[in-house]
Structure formats: structure tokens, C-alpha cells
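In: Task: produce atomic coordinates for the following.
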Amino acid sequence: MIQSVVCFVLSGCLLFLSSCGQAPGQDAEKGTSLESSVTSTEKSEPAYGGRLTEPILAEPINLISALSSDSASHSVASKLFVSPLKYNKDIELVGEAAKSFEVLDDGKLLKFTLRDDIKWTDGVPLTAEDVEFTYKLMIDPNTPTAYAADYLNIKEFKLTGKYSFEVTYDKVFARSLITWAHHILPKHLLENEKLTETRYARAPIGAGPYKLKEWIPGQRLILEANEDYFEGRPNIDEIVYRIIPDLSTQFLELKTGKLDSMMLTPQQYLFQTVGKSWEKDFQKFKYLSFSYAYLGFNTESKFFKDVLVRRAISYAINKEEIVKGVLLGLGYPAIGPYKPGTWVFNDKLVPYGYHPEKAVELLKEAGWSDTDGDGILDREGIPFAFTILTNQGNTLRIKAATIIQNRLKDVGIDVQIRTVEWAAFIKEFINKGQFDATILGWNILQDPDIYDVWHSSKAVPGGLNFVKFRNAELDELLEKGRTTLAQAERKVIYDRIQEIMHEEQPYCFLYVQMSLPIYQSRIKGLKIAPAGLDYNSNSWWIPTSSQKKLRIQQ
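Out: Numbering: from 1, shown residues only. As a prediction, this is how the structure comes out:
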């Protein structure tokens, strides 16, 4: 599904924030239960034409991936750009723009040969100079990117031909190959531009399967098939992303035929999309997402500087209640930043569990008590009252926040809930650290390296460590983890990283949920795989007889 949500394959080397709570396509994993309710037996041959209309909860902020950390931007950009490498349906790195690549000297030397038949949509050939230009942008201190650290340990980038280059690292870097699953930018269009001011961010020229046709702020983006795409033009002529910042409204539009797909809520999946008519006209899928939701604490806030308070809140929150009441059982409580069942997951961690009495004890130890009998804890005359911030339209997060609000009230903490439109939420609150606590989500990458989110150097305005958590031992382990190759050694490192996060609770990890995409039956070629659904979206088609284009809503 081509929706603004968490998803690791859109840009395989990057972490980014989710405006929705579940991943659309590239997030199922080997060994994960994958379910489909496709019952149609209609046969048809792939055909060109038609329009796929999809909703996104939030408007993209910037279509230059290096400058954006939101999933809406990455979701759209993934259709416009290409990378040297990409993930295939089995979640394996393979060449995209790269015709071949070699990993030498324990990963300290990478050699790439690009295809010579890729062109930007203005007709200019894509060459190794474009990759070099993109690399230099990433390490330029004037580029406000959260991902520079992935490229700063490169000792030398050397062009070895018009379509070939070599990358030498000064030391072993476990993520070296993964970082080249990053979008290539056009040198000829951007070399004389100031990246933070260029109109290219909203009117990009790419080399991907689609190109941007129209962007009406607050309403929609329309992509049209790239006839000269090097892997062959996509079957579907147009993709329309309608900006609909509310899941209930999206569902109404789906039912009336004004949308081809959406990501269902558990309520919609279990109770509102059942019966013969739904089985005939729609196809549903279910698989465990490669993402998690969390309650993040601003550790510079007067309320959350103290680890005792953060632990107390984790004891006061009933995660099982959230999974049952919000996800309706379609998910699992989270305990850390990794997915259960993967090699990196630390299964020795003991969940905090729901123990409000322990929460009260820890809060008292931290100096919080109800001195005036009003039912709200206070300390030095300051009541324990804070606001949970989350994004508009995400009903699951709002419901989770409401449960948290009620449970914290039980232990004497007054919680307010505030929702903000996505772009303002990121720019004015998250990036600037203007919040007490927030409910958000991260995608989970294939490599366990979470340096960009948790290293102290990232606790800066616009950095991904926006909860401002700083821990010297964690920094050392994060640095060591990305320079160690042996999985057994990395396991020890990341087990300890999870222990520190479990002890310090900069996040209260809430849940991992199921992805629940639904599509109109007229959309053909959807095949579920370890990588989910979207991996082969260029091959999807709409039968000629079903190619009525949905009327674009004004």
C-alpha cells in the first residue's frame, strides 16, 4: 500500500516518524503470520492504465528524503527517486540503480557499478557523479539532515568511471551497505541551489517509476507513470494521494468508492468490513507491522528528568488494556525498540507490567505527594500536570492516550491530551522540543543500529533524539554496535542497549500492531510476501474494464 505510514523499505537506511500507526507494505517479516482475505477468482491480464487513489493522513513536508524525517514525505519520494540499492520481496538488499556491487575488506570497501540506462525525467542521464553529489550533500554541515552520521566515517569516495564508484571506510561499519539504499539526487539541478530553500523540494525531478504531476497543498498530490523508467513503466497510469487527516473520513470515502485503499483500524477490520459484499468488492490483508508505538518523555522537562518518575509511569500504564481496548487484540505489548522473535530482541527483559502501587511508591520516592488533598500529586507547590501531544487523525494514538490519561489519574497525575496537524506537530513541537510527552511511532530497520535516534549527538533541534536522552554508556555501545560485524558480538552489545533503555525508560514502549490494509478488488497483482505488499506495486494493474478513474475530490 502506498500510504503515509511507517515502512522500512521506502528508504531502507533511514528511520522516520509515522503519522499513522501501522506500516502499509514493507514490514512483514520472515516467519510472521501473513493473512489475506482475497476471494476473487476473476482472471485478467496485466494492462496499462487507470488511477489508484489512496489516502494519506498528513501532507508531505519535504520530498528531499535527506531533509525529512516524516513518513508522508518518504512514502511519496519513494515513487519518484531511485537508490543504488533496495530491498526485495524477501527483505534482501539487491541492486536498483546499481547493476552490480561488491563488499570487500570486511565491509570497509564497497564497489558499485551503476546501470547506464537510467535517466532523470528531464532526459539527463543518471551517473556516478549524482551519487557523489548526494554523498557530499549528506556530509555537508550546512545540510540539515538527521542522517549525516551514516556517511561521516567514509574515508574516501572515488569515482572510477562515469557509471562506477568506490567507497572506502576508515573502520568497519556494520550498516555500510544499507546506507546506500538512499535516494540519489540530481547534481545538474541542485549543485547551485541552497537545499533548504530550493523549490525542488516541492517540485522534484526524479528517476523513479513515477513523476510528480500536481501538488495542491492540503488536498492532493498526483503522480503519473514515468514512460522512460528503466525497469519499464508501471502498469497504473496515475497515483493520487488524497490528504485526509482522519481515519473515519477515509473509511467513508472508501465505502463510497472514492478511495481504492486505506489502512484499516482494528474496529474497521474486525467488524465493519465483513460480509459477502465486502468479500466481493474488497481484499483485506493482515500481518505484524515492522514498527512500534511509544510514549516518549521529554527528559529535559521538570516532570521527566527523574528516572524514578519515568519508571513510575511505566508501572502505571496497562499495556494489555491498550492492546485489548484499542487494538482489539490485533497486536502485542512492546518492551523495547526491536521486534520479538528477531535475533536482536532481548528476551530476558522483564516487562514492567501494570502495578499502580509500585508507581505510587516511586513517585513518593521522587518527592511527589498529594499535600493539599486535591487528588493531584504535587512537589514544591507544583502540581504533576502535563500534556500528551500526538498528531491529528490518528484515532488509535488518541485512544491510547485516553487510556493512559485515565490510568495516570488513578495514581494522582493530571494528564491533558492535545492533537496537532502533522506538519505543525513536527516543525513546531517535536523538532523544537516543545512538549512534555508525545505518542509517536518508529519504523524498525533491518539492522539494529539505532544510533540516529538515541546517541547524545542527536539530541539537538531537528535531531531524532528529540526526547533529549543522554547516557554515556549508551553512546559508547551505540558507537561500538555500528563498528562490529559479528552477530554474536553485536547481540551482546544490543542486549545491553535494551537493558539501559529498559532501566532508564526514556520511552514507555507501548505496542507493536498489525498492519491491516484493504484494497478495492479491481486492483490486481497484490502478492503478500515477507516484505509485505508494496514491493511489487509497479506491477499492479487495473483491468481495462475497471479503469474508470475515480473523480478527484476538490
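In: from here on, contacts and neighbour counts on C-alpha atoms
Out: OK.
In: can you pull the contacts of Gly331?
Out: Gly331 is in contact with 288, 323, 511-514, counting by CA atoms under 8 Å, 6 or more residues apart in numbering.
In: which ones are touching the nearest residue to it once chain neighbours are set aside?
Out: Spatially, and ignoring its direct neighbours in sequence, Gly331 is nearest to Gln513 (3.9 Å; CA to CA, 6 or more residues apart in numbering). Counting by CA under 8 Å, 6+ apart, Gln513 touches 21-22, 288-289, 291-292, 327, 330-332.
In: picking up where we left off before, so which of the contacts of Gly331 belong to helices?
Out: When DSSP state H defines the helices, the subset of the contacts of Gly331 inside them is Val323.
In: Just give me the closest of the contacts of Gln513 to Ile444.
Out: Closest approach between the contacts of Gln513 and Ile444, by CA to CA: Ser291, at 5.2 Å.
In: Distance check, the closest one against Gly329.
Out: Distance of Ser291 to Gly329, given as CA to CA, to the nearest Å: 16 Å.
In: Could you check which of the two is surrounded by more residues?
Out: Legend: neighbour count by other CA atoms under 10 Å for Ser291 and Gly329, higher for Ser291 (28 against 15).
In: Strands along the stretch 351-500 of the chain, start to end?
Out: Assigned by DSSP state E, counting those that start in this stretch, the strands in the stretch 351-500 of the chain fall at 378-379, 382-383, 385-391, 414-420, 437-443.
In: What of the stretch 201-350 of the chain?
Out: Using DSSP E, counting those that start in this stretch, strands in the stretch 201-350 of the chain cover 210-216, 220-225, 238-243, 261-263, 282-288, 291-297, 331-333.
In: Ranking these by mean neighbour count, which comes first?
Out: strand 261-263 (a mean of 27; mean count of other CA atoms under 10 Å).
In: average pLDDT for that one?
Out: Regarding strand 261-263, the rounded mean pLDDT is 97.
In: and for the lengthiest helix in the chain, what are the contacting residues?
Out: For the chain, the longest helix by residue count, based on DSSP H, is helix 487-504. If you take CA under 8 Å, 6+ apart as the criterion, helix 487-504 is touched by 307, 310-311, 335-337, 343-346, 349, 448, 474, 477-478, 480-481, 484, 507.
In: which one of the strands of the stretch 351-500 of the chain is the most hemmed in?
Out: strand 437-443 (a mean of 24).
In: Show me what that one is packed up against.
Out: strand 291-297, strand 385-391, helix 395-410 (3 or more CA pairs under 8 Å, 6 or more residues apart in numbering; DSSP states H and E).
In: just so I know, which of these lies nearest His455?
Out: Judging these by CA to CA, what sits closest to His455 is strand 291-297, at 15.4 Å.
In: Give the pairing partners of that closest one; include direction for each.
Out: strand 437-443 (antiparallel), strand 507-515 (antiparallel) (DSSP bridges).
In: From Ile335, how far out is Val131?
Out: The value you get for Val131 to Ile335, if CA to CA is used, is 38 Å.
In: on that earlier part again, and the contacts of Gln513, which is closest to Arg418?
Out: Gly21 (17.1 Å).
In: State whether Ala128 and Ser164 are indeed in contact, as I suppose.
Out: Yes. Contact criterion CA atoms under 8 Å: Ala128 and Ser164 qualify, at 5.8 Å.
In: Give me the residues contacting stretch 177-185.
Out: In contact with stretch 177-185 (CA under 8 Å, 6+ apart) are residues 11-14, 65, 78, 81-86, 93, 103, 107, 110, 130-131, 133-134, 150-151, 206.
In: ignore the last one, stretch 405-419
Out: Residues from elsewhere that reach stretch 405-419 (CA under 8 Å, 6+ apart): 313, 316-318, 356, 359-360, 370, 375-377, 384-392, 398, 401-402.
In: The helices and strands packed on strand 437-443 into CSV, with extra columns for mean pLDDT and distance to Pro245?
Out: Putting these into CSV (pLDDT from 0 to 100; distance: least, CA to CA, whole Å) gives the following:
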stretch, mean pLDDT, distance to Pro245
strand 291-297, 97, 19
strand 385-391, 98, 9
helix 395-410, 98, 10
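In: Pipe the strands paired with strand 291-297 into a markdown table and attach distance to Phe282 per row.
Out: Output for the strands paired with strand 291-297, formatted as a markdown table (distance: least, CA to CA, whole Å):
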| stretch | distance to Phe282 |
| --- | --- |
| strand 437-443 | 27 |
| strand 507-515 | 16 |
